[in-house]
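1. I'd like to go over a predicted model; first the sequence, then the structure.
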Amino acid sequence: MDEIQSKYKKRKNIYFALGVSLFAIIIALTSFTPTGAHKIAPWEAVMIACLVVNIIAIFRVFRCPKCNGALVPAYSSSWGKLHFCPKCGVKLTGN
Ligand SMILES: [Zn+2]
């Protein structure tokens, strides 16, 4: 496995970890937040900040190791079966 592919694998793992925590934050927000208009509690503000940071991190981390092109849209639309970078065409998977 060459450098590009191992970097891609590492970034994909971070992407998954961030995706899981994003999901956890959304679940926490939707289950603990009272419905309707209310004053935002400090912990909710913290959660929303985490959410935003998480989304930014996903887009910053999950990029092509070669051309630095964003892989999130291509990865989601390929249902996790992305093998080549949509921008520069580099091979991202080992097999
Ligand atoms: Zn690329």
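-> Everything's here; your move.
2. Contacts only, for residue 58.
-> Applying C-beta atoms under 8 Å, 6 or more residues apart in numbering, we find residue 58 in contact with 15, 18-19, 22, 72. All C-beta spots, glycine's among them, are computed from the backbone N, C-alpha and C.
3. From the residues you listed, pick the one nearest residue 54.
-> Comparing the contacts of residue 58 against residue 54 with C-beta to C-beta places residue 22 closest, at 4.8 Å.
4. quick one: what helix or strand has the closest one in it?
-> Per DSSP states H and E, residue 22 falls inside helix 3-32.
5. could you point out which element follows that helix?
-> Later in the chain than helix 3-32, the nearest helix or strand by DSSP H and E is helix 42-61.
6. and the helix or strand following that next one, what's its mean pLDDT?
-> Next along the chain after helix 42-61, taking DSSP H and E as the criterion, comes helix 72-77. Mean per-residue pLDDT for helix 72-77: 93.
7. Can you give the distance of helix 72-77 from its chain's centre?
-> Centre-to-centre, helix 72-77 and its host chain are 10 Å apart (C-alpha atoms, centre = their mean, to the nearest Å).
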